[in-house]
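Trainee: With the sequence up front, the predicted model follows.
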Amino acid sequence: MISVIVNHPLFGLLATLIGYQLALELNQRTRTLLTQPVMVATLIVVGLLLLLDVDFESYYASADLIWLLLGPTTVALAVPLYTHLKRIRDYFWPLLIALLVGGFTTVLLTLGLAWVFGAGPQLLASLAPKSVTSPIAILLAEDLGGSPALAAVFVMITGVAGAVMAPFLLKLVGIHLPAARGFTLGLNAHAAGTALALEEDEEAGAFAALAMSLTGAVTAILLPLFYSFW
Amino acid sequence: MWGLLLLVLLQMLGSLINAAGLALPGPVIGMLLLLGLLLLLGRVPEPLQVTSSQLLKYLPLMLIPPAVGILSQWQVITSSFLAISVALLGSLLISIPLTAWLLQRLVKRKAVSQ
């Protein structure tokens, strides 16, 4: 009986939708950053697959309806980037400098710390794009010889951890400028950070969205270059 | 429908440029091409706006299948747990205050000089 469902060409779609719906439900009830829906949904789907004894390959093949659209959706990220780019005129040079310094610091620290603690090249390549929005991080990790799955998970952990740690760290260094708070959140904690900044105020939210879009685009261009000279 | 057509065409074009030797993922090249087009045009055409916001609404769902791949990566996570945690948390611990401090300082200095 179960085998009919498990071997159905839409099984992966069904499992993913069930996982996501349950995760959304949990997130709405608890209203905390720690129940980030994609992360919870991933764990639910992993649990389902283990329970039903389905391997990743057959799940992935039967969820193709969903992930095949990831490419066109990544192209579509140009639209919010274009919309938010108008904000950059407010503080062009400060934002550009903060973007490059912040972006490079994150990547170098991540790689350096992981290397010191014994990470191999495949793990390093999966960690490198961790501050970038997931669809781009998955592509970059694959390109650099890492694992897209690990990259996706590291991005989610970074988003949640960044959004949890940021309010305390920003207070510690006395950051009250909404543009600086928002931009930092978007650069370091992408989607989760942007959501948090939007809760703070509209200006912080706009700068977070700008930072998230810019970090994605700039990292996508610079990281492969940086890696080829490594 | 030409919003979706344009997105798929740009992704294909990105893959062609990638195959021709540019070391960026195809969809990323497509995104940069679309950004260039929008900057030239100076606005977002309605059909593209509609398609993009609908696709982006489903983005979280699309990220689940690739992430489920950790199923076959448990060993990496458990064997390198320390390296992963230190790298992910340590970089945030330094990068968040540094970025924010630098940006606030630069903005304030600009405000003073004006």
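Mentor: In hand now; what should we look at?
Trainee: going forward, measure contacts between C-alpha atoms and count neighbours the same way
Mentor: Will do.
Trainee: Report the secondary structure state of the residue of chain A found nearest chain B.
Mentor: Across chain A, the shortest distance to chain B (Cα to the nearest Cα) belongs to residue A:75, at 4.0 Å. Three-state call for residue A:75 (DSSP: H, G, I helix; E, B strand; the rest coil): helix.
Trainee: Least confident secondary structure element in chain A?
Mentor: helix A:2-6 (a mean of 86; mean pLDDT, DSSP states H and E).
Trainee: My read is that the residue of chain A closest to chain B contacts residue B:36, right?
Mentor: No - the criterion here is Cα atoms under 8 Å, and residue A:75 misses it with residue B:36 at 11.8 Å.
Trainee: So the two - more neighbours on which side?
Mentor: Set side by side, residue A:75 and residue B:36 show more neighbours around residue A:75, with 29 against 14, by other Cα atoms under 10 Å in any protein chain shown.
Trainee: any idea how far that one lies from residue B:31?
Mentor: The gap separating residue A:75 from residue B:31 is 4 Å, by Cα to Cα, to the nearest Å.
Trainee: which residue ranges form the helices in the chain?
Mentor: Just going to use chain A. Counting by DSSP state H, chain A has helices at residues A:2-6, A:11-30, A:37-52, A:56-61, A:64-67, A:70-76, A:78-85, A:92-116, A:121-127, A:134-143, A:148-172, A:178-200, A:202-229.
Trainee: think we crossed wires, I meant chain B
Mentor: B:2-19, B:26-41, B:46-57, B:59-68, B:74-79, B:81-113.
Trainee: got the contact list for the residue in chain B that chain A sits nearest to?
Mentor: Residue of chain B nearest chain A, by Cα to the nearest Cα: residue B:31 (4.0 Å). Residue B:31 is in contact with A:74-78, B:10-11, counting by Cα atoms under 8 Å, 6 or more residues apart in numbering or on different chains.
Trainee: So, low pLDDT: which residues of chain A?
Mentor: Applying pLDDT under 70 to chain A flags the ranges A:230.
Trainee: nope, chain B is what I was after
Mentor: B:114.
Trainee: per-domain residue ranges of chain A.
Mentor: Under the assignment automatic domain parsing, the domains of chain A span A:2-68, A:78-229.
Trainee: what do you get for chain B?
Mentor: If you go by automatic domain parsing, chain B breaks into B:1-71, B:73-114.
Trainee: okay, those domains in a markdown table with distance to residue A:150 next?
Mentor: Listed next are those as a markdown table, based on distance: least, Cα to Cα, whole Å:
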| stretch | distance to residue A:150 |
| --- | --- |
| domain B:1-71 | 6 |
| domain B:73-114 | 7 |
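Trainee: In stretch A:49-59, which residues are buried?
Mentor: For stretch A:49-59, the neighbour count (16 or more other Cα atoms under 10 Å in any protein chain shown) marks A:49, A:56, A:59 as buried.
Trainee: now the residues you listed as a markdown table including distance to residue A:106?
Mentor: Shown next, in a markdown table, are those (distance: Cα to Cα, whole Å):
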| residue | distance to residue A:106 |
| --- | --- |
| A:49 | 34 |
| A:56 | 31 |
| A:59 | 34 |
